[in-house]
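K.L.:
Let's see this in three dimensions:
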Amino acid sequence: MNGQKKAWFPAKRYGYGWSFPNRWQGWAVLAAWLLLVVGGTVLIRPDHHPIAYVVYDSILTVLLLVIIVAKGERIRWRRGDDSDRNPDL
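P.N.:
Purely as a prediction, here's the structure:
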């Protein structure tokens, strides 16, 4: 490698945001988030404790977004050209 760190979450080719992970670390973060959301659904029971469930899911989603921002490519509006993308991705 040439010393550049590869992003776990690449920017979308069209539009604004991130695409699916392209590194195993990104997939691990996404899988952990999904397991925690499903586990919280089973343990918290949203039909009995809706506010607690919304707070729980909101915290998990904010943490996921913090990781994506920290480990993903810089995002901006894209129109499909690769002129600004990292060629190693």
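K.L.:
use CA for all of it now, contacts and neighbours both
P.N.:
Will do.
K.L.:
could you pull out the helices for the protein?
P.N.:
Ranges of helices in the chain, per DSSP state H, are 24-44, 50-71.
K.L.:
and the longest one, which residues are buried?
P.N.:
Neighbour-count burial for helix 50-71 flags Tyr53, Tyr56, Asp57, Leu60, Leu64, Ile68, Val69, Lys71 (criterion: 16 or more other Cα atoms under 10 Å).
K.L.:
go on, the shortest one?
P.N.:
Residues Gly26, Val29, Leu30, Trp33, Val37, Gly40, Ile44 are the ones in helix 24-44 that count as buried (16+ other Cα under 10 Å).
K.L.:
What helices and strands are in contact with that helix?
P.N.:
helix 50-71 (3 or more Cα pairs under 8 Å, 6 or more residues apart in numbering; DSSP states H and E).
K.L.:
Let me know the angle separating the helix it packs on from helix 24-44.
P.N.:
Counting by axes from the mean of the first three to the mean of the last three Cα atoms, to 10 degrees, helix 50-71 points 170 degrees away from the direction of helix 24-44.
K.L.:
Give me the contacts around helix 50-71.
P.N.:
Outside helix 50-71, the residues within contact range by Cα atoms under 8 Å, 6 or more residues apart in numbering are 7-9, 29-30, 33, 36-37, 40-41, 44-46.
K.L.:
any chance of those in a markdown table, with pLDDT too?
P.N.:
Converted to a markdown table, these look like this (pLDDT from 0 to 100):
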| residue | pLDDT |
| --- | --- |
| Ala7 | 89 |
| Trp8 | 88 |
| Phe9 | 89 |
| Val29 | 96 |
| Leu30 | 96 |
| Trp33 | 96 |
| Leu36 | 96 |
| Val37 | 95 |
| Gly40 | 93 |
| Thr41 | 93 |
| Ile44 | 92 |
| Arg45 | 90 |
| Pro46 | 88 |
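K.L.:
and which of the residues you listed is nearest Arg79?
P.N.:
Of all these, Arg79 sits closest to Phe9, with 18.0 Å by Cα to Cα.
K.L.:
And the buried residues of helix 50-71, which two are furthest apart?
P.N.:
Longest distance between any two of the buried residues of helix 50-71 is 26.9 Å, between Tyr53 and Lys71; criterion Cα to Cα.
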